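S.K.: Just to be clear, the model below is a prediction. Sequence and coordinates:
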Amino acid sequence: MLKVVAACGNGMGSSQIIKMKIEKVFKKLNITASIDHMSVGEAKTAAANYDVVFCSISLINQFVVKNNRTKVIGLVNLLSEQEIEAKIVENDIK
Amino acid sequence: MINLRDMLNQETILLQAEADDWQAAVRLGGQLLIDSGVAEPRYIDAIIQCTIEFGPYYVLAPGLAMPHARPEHGVKKTGFSLMTLRTPVPFGHTENDPVDILIFLAAADSSSHLEAMSQIVTVFSDDEAFAKIRQAKDANQINELLNQMVDI
């Protein structure tokens, strides 16, 4: 199963909003995923254990992942299911 | 369960406010959390500090920000406030600037705010809601909108 983490500055608000939205889009695309959410501080350490990291575009530079597994996706509009869906497809996530 | 409608009232809604920059906006809207007994003054400092450190990651969508910090930064109980600005201010976001709708969140723990936050997602997934909230002149109009859009 795809392992996904939603990250934001402190793991309380935006990351949970991202989680709500990506859950919906994954369901629509019939992709089974387990989704966690956490702060960027925690996620930086944990990122390598995930297939995909979703975060605000403002945080994308916080993640330097040196493996072939983890994809980091920065979102401009956290509420846009269209943007999330397009980025999932574009990054060939399944 | 904490309902957004119960959290947003005359005391926690400030419409068509004026702020010179993002820090002034965060202080002004954050004051509503302090005045309504939801957070301590240091909570607002934490939001500003966190923004300086990590950038405006809580600017959720064009024009819309949800400033917040963590429970241990001085949250007394879970609550929300809403502020709109007459003149939008930039938060330093690459694409969603400038911001004129701010929902302030104070979460006492990791779960008690989730229902209200999913209501926020519902409201702001509708483009018309942005226009209606921007135009709103008094808190009753916001409450009416929430009554229409959030069926709980």
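M.R.: Received, thanks. Keep in mind that this is a model prediction, so the values were computed, not measured. Residues are numbered from 1 along each chain as shown, chains lettered A, B, ... in the order given.
S.K.: Residue nearest the middle of the chain, spatially speaking?
M.R.: By default, I'm working from chain A. In chain A, the centroid-proximal residue (Cα atoms, centre = their mean) is A:Phe54; its distance is 1.9 Å.
S.K.: let's do chain B instead
M.R.: B:Ile103 (1.0 Å).
S.K.: Following the helix or strand that contains that one in sequence, what is the next regular element?
M.R.: Per DSSP states H and E, B:Ile103 falls inside strand B:99-106. Downstream of strand B:99-106, the first helix or strand assigned by DSSP H and E is helix B:114-124.
S.K.: and that next one, C-alpha only, in CSV?
M.R.: What follows is helix B:114-124, C-alpha atoms only, in CSV (Å, rounded to 0.1, in the frame of the first residue of the first chain):
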residue,chain,number,x,y,z
LEU,B,114,-11.2,18.4,13.1
GLU,B,115,-14.9,18.6,12.6
ALA,B,116,-14.9,22.4,12.5
MET,B,117,-11.9,22.3,10.1
SER,B,118,-13.7,19.9,7.8
GLN,B,119,-16.5,22.5,7.8
ILE,B,120,-14.0,25.2,6.8
VAL,B,121,-12.9,22.9,4.0
THR,B,122,-16.5,22.5,2.8
VAL,B,123,-17.1,26.3,2.9
PHE,B,124,-13.9,27.3,1.1
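S.K.: touching chain A at all, it?
M.R.: Yes. Between helix B:114-124 and chain A, judged by Cβ under 8 Å from any Cβ of the partner chain, the touching residues are B:114, B:117-118, B:120-121, B:124. (Glycine included, C-beta is placed from N, CA and C.)
S.K.: tilt between the helix or strand following that helix and strand B:99-106?
M.R.: Per DSSP H and E, the first helix or strand lying C-terminal to helix B:114-124 is helix B:127-135. Here helix B:127-135 runs at an angle of 90 degrees relative to strand B:99-106 (axes from the mean of the first three to the mean of the last three Cα atoms, to 10 degrees).
S.K.: and stretch B:143-152, what's its mean pLDDT?
M.R.: What stretch B:143-152 shows for mean pLDDT is 84.
S.K.: Around chain B, which positions in chain A sit nearby?
M.R.: Looking at chain B, the residues of chain A close enough under Cβ under 8 Å from any Cβ are A:8-14, A:16-17, A:20-21, A:40, A:55-59, A:62, A:76-81.
S.K.: Could you tell me whether the residue nearest to the centre of chain A really is in a helix?
M.R.: No. Judged by DSSP: H, G, I helix; E, B strand; the rest coil, A:Phe54 forms no part of a helix; its state is strand.
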